[in-house]
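> Structure for this input, please:
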Amino acid sequence: MSSGDKYPDTSPRPAPKPIKPLGAKGAGGGQPLPPDSPCNVVELTVVNSPDRTVVTTIRVNDVLEVRYVPGPPKQLIVVTGGNAILGSLTPPSMAQLIACITAQGVNYEAVVLGIQGGRVDVQVQPV
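Now for the predicted structure:
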């Protein structure tokens, strides 16, 4: 008996959602971004101050929405499909992402790469 059989996952979390291939990405209208576009940002980062209750509802490979909140202060937040706020993002390219969202209408998503305790690692990428 493997440890997976010994301790089955009986949590109420939803099944993981698949990651979209990079070729399917695009701007808000579904058009692919050119490879040299300044808005074609793919970046690894960590969710700041993740809500522990929301963390229990996500899994690796889940695709979450990145939203801009004008503030003050300006924020990028990560939201689940159920509209729950997981936490905020402060990647090095934050100013560039905000400019692309507000001026170009580009939408971004955060793919969950890892969950360990209170740490949630994500990859931010265009939708």
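> SS state for the spatially most central residue of the chain?
By CA atoms, centre = their mean, the chain has its centre lying nearest to residue 110, at 1.5 Å. Classification of residue 110 by DSSP: H, G, I helix; E, B strand; the rest coil places it in strand.
> so how far is the longest helix seen in the chain off the chain centroid?
Criterion DSSP state H: the longest helix present in the chain is helix 94-99. Helix 94-99 sits 15 Å away from the centroid of its parent chain (CA atoms, centre = their mean, to the nearest Å).
> Same check on stretch 94-111?
Worked out by CA atoms, centre = their mean, stretch 94-111 lies 12 Å from the chain centre.
> Endpoints of it, how far apart?
The first and final residues of stretch 94-111 sit 16 Å from each other (CA to CA, to the nearest Å).
> can you list contacts of that stretch?
Contact partners of stretch 94-111, identified using CB atoms under 8 Å, 6 or more residues apart in numbering, comprise 19-20, 27-29, 33, 38-39, 41, 47, 61-66, 68, 74, 76, 78, 89, 91, 122-127. C-beta here means a position set from N, CA and C on the backbone, and glycine is covered the same way.
> Would you indicate which residues of that stretch are buried?
By 16 or more other CB atoms under 10 Å, the buried positions in stretch 94-111 come out as 94, 97-98, 100-101, 106-111.
> Which members of the residues you listed define the maximum pairwise distance?
The largest separation in those, counting by CB to CB, is between 98 and 111 at 19.5 Å.
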